[in-house]
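coordinates only, sequence not included:
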């Protein structure tokens, strides 16, 4: 029987699809096997983060962070950590890399006053691969009067370079909140990058090149009290009617969480978008409180969430629906429940003191530098 035309090609396609499927499933199978071994050893999987495992005993606590085929352990039970390593070596082919200094592109530096996180080597490597050898540096990721639109300039002949750089910059925001807004903007144009947008990417890279040692400082003696800031901005995205939500959370003075995201729904009055931003921030606040409680760092009092809209704060205390709130979905009114339960306390903050502006707006140097200092972003010089 003669095989149909193209059957050999189709067979190879099927083999390739099967191989790709197995490659995709391999990390999942490894994770499942490894996590099962941890659970059998007495660890508990955190219900708030699936890569976090915790083991408590009279000797202390062990916290384990698992990512693909890498893991990090910490805690005050030093003998328990040593026993854990022995146990895992019996079941898996593993290598102990010793004290944590470098993990997935993150550089960790210990100091008497805390811990520093940076990605200086990661940033330096991809800037070197790019061949950005000129001495030009800029003071802000994007200019304060910058307005990027999807049809400015001409389409790039090879958009892959733009996408590669965009992906690298997105990962760099893990420790560089100062470029979060600029990267958020250029990431929206991955599908159809143009020359003006590519120039914006180069501007961000020139800023990163001049601030390579920048990293986050986590203070050792800082009381673990959670507080946050929330804001929304429309002017930052004049191409459509979607608002940009931003928030950031601190444990006392250490920045632990931040985000900026374009809202997915069109808001009618601006107060509606402001209230949606409060709801998004409250969701993150609740998750952080639960995660901290899981790590035995409970928040005994309500968490302050600072906002610069008195209207949105009033809605969170008001049961009466009226013209300004009738278009807001019921789901967003869960904020009121947590305000009443004293989980969250909405506090007014002036626009001048609104830290989240760095995540939602194009800023000139003076304002940018002021907010940068509030994020505790510091330069970590090599030894």
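Received, thanks. For clarity, every value in this text was computed on a predicted model and none was experimentally measured.

pLDDT weak spots in the stretch 101-250 of the chain?
Judged by pLDDT under 70, the stretch 101-250 of the chain has its weakly predicted residues at 222, 234-241.

Do a quick rundown of the helices in the stretch 151-300 of the chain.
Under the criterion DSSP state H, counting those that start in this stretch, helices of the stretch 151-300 of the chain are mapped to 160-172, 180-187, 195-210, 270-294.

what packs against the last one?
Okay, so that is helix 270-294. Here helix 270-294 touches strand 226-233, strand 244-251, strand 254-262, strand 303-307, helix 310-317, helix 334-340, strand 344-348, going by 3 or more C-beta pairs under 8 Å, 6 or more residues apart in numbering; DSSP states H and E. The C-beta positions use only the backbone N, C-alpha and C, and glycine is treated the same way.

Relative to residue 277, how far out is the nearest residue to residue 162 once chain neighbours are set aside?
Using C-beta to C-beta, 6 or more residues apart in numbering and skipping the chain neighbours, the partner closest in space to residue 162 is residue 193 (3.9 Å). In this structure, residue 193 and residue 277 are 29 Å apart, going by C-beta to C-beta, to the nearest Å.

How about residue 357?
Residue 357 is 13 Å from residue 277, by C-beta to C-beta.

Give me the common contacts of the two.
With contacts taken as C-beta atoms under 8 Å, 6 or more residues apart in numbering, residue 357 and residue 277 have 231, 246 as neighbours in common.

What residues are bridge-paired with residue 214?
Listed by DSSP bridges, the beta-bridge partners for residue 214 are residue 379.

What about it, how many residues nearby?
For residue 214, the count of nearby residues is 23 (other C-beta atoms under 10 Å).

what does residue 351 give?
9.

related to what we said a few turns ago, residue 193 and residue 277 - which one has more neighbours?
Between residue 193 and residue 277, counted using other C-beta under 10 Å, residue 277 has the larger neighbour count: 28 against 24.

sorry, back to before: dump the helices of the stretch 151-300 of the chain to JSON lines, plus distance to residue 40.
Formatted as JSON lines, the helices of the stretch 151-300 of the chain follow (distance: least, C-beta to C-beta, whole Å):
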{"stretch": "helix 160-172", "distance to residue 40": "34"}
{"stretch": "helix 180-187", "distance to residue 40": "40"}
{"stretch": "helix 195-210", "distance to residue 40": "44"}
{"stretch": "helix 270-294", "distance to residue 40": "20"}
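
my guess is residue 62 meets residue 82, correct?
No - the pair residue 62 / residue 82 is not scored as a contact, 10.5 Å apart, by C-beta atoms under 8 Å.

out of the two, which sits in the more crowded spot?
Taking neighbours as other C-beta under 10 Å, residue 62 and residue 82 compare with residue 62 leading, 23 against 10.

On the three-state scheme, that one is what?
strand (DSSP: H, G, I helix; E, B strand; the rest coil).

ok, and the closest non-adjacent residue to it?
residue 75 (4.0 Å).

how far away is that neighbour from residue 254?
Separation of residue 75 from residue 254 (C-beta to C-beta) stands at 19 Å.

And the residue nearest to residue 210 when sequence neighbours are not counted, how close does it get to residue 205?
Spatial nearest neighbour of residue 210, excluding adjacent residues (C-beta to C-beta, 6+ apart): residue 137 at 3.1 Å. To residue 205, residue 137 is 10 Å away according to C-beta to C-beta.

Those two: who's more crowded?
Of the pair residue 137 and residue 205, residue 205 is the one with more neighbours under other C-beta under 10 Å, namely 24 against 12.

wait, isn't the more buried one in contact with residue 130?
Yes - the criterion here is C-beta under 8 Å, and residue 205 meets it with residue 130 at 7.0 Å.

where do the contact lists of the two overlap?
With C-beta under 8 Å, 6+ apart, residue 205 and residue 130 have common neighbours residue 165.

Low-confidence bits of the stretch 251-383 of the chain, can you list those?
By pLDDT under 70, the weakly predicted segments of the stretch 251-383 of the chain are 264-269, 319-332, 380-383.

Apply 50 and report the result again.
Within the stretch 251-383 of the chain, the segments meeting pLDDT under 50 span 382-383.

Pull out the buried positions in stretch 106-123.
Within stretch 106-123, the residues that count as buried by 16 or more other C-beta atoms under 10 Å are 106, 107, 108, 114, 115, 116, 117, 118, 119, 120, 122, 123.

For it, report the contacting residues that lie outside it.
With contact meaning C-beta under 8 Å, 6+ apart, stretch 106-123 is reached by 100-102, 105, 171-172, 174-176, 208-209, 212-222, 254, 378, 380, 382.

Filter these down to the buried ones.
Buried by 16+ other C-beta under 10 Å: 105, 171-172, 175-176, 208-209, 212, 214-218, 222, 254, 380, out of the contacts of stretch 106-123.

what's the domain layout of the protein?
Listed by automatic domain parsing, the domain ranges of the chain are 21-98, 118-210, 222-349.

Residue 367: which of those domains is closest?
Minimum separation from residue 367 across those (C-beta to C-beta) falls at domain 118-210, 7.8 Å.

end to end, how far does the closest one reach?
The straight-line separation of the ends of domain 118-210 (C-alpha to C-alpha, to the nearest Å) is 14 Å.

how far does it sit from the chain's center?
Relative to the centre of its chain, domain 118-210 is centred 17 Å away, using C-alpha atoms, centre = their mean, to the nearest Å.

re the thing from before, could the domains of the chain be laid out in a markdown table, adding distance to residue 374?
Output for these, formatted as a markdown table (distance: least, C-beta to C-beta, whole Å):
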| stretch | distance to residue 374 |
| --- | --- |
| domain 21-98 | 26 |
| domain 118-210 | 11 |
| domain 222-349 | 9 |
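
mind checking which of the ones you listed is nearest residue 371?
Smallest distance to residue 371 across the domains of the chain (C-beta to C-beta): 8.6 Å, for domain 118-210.
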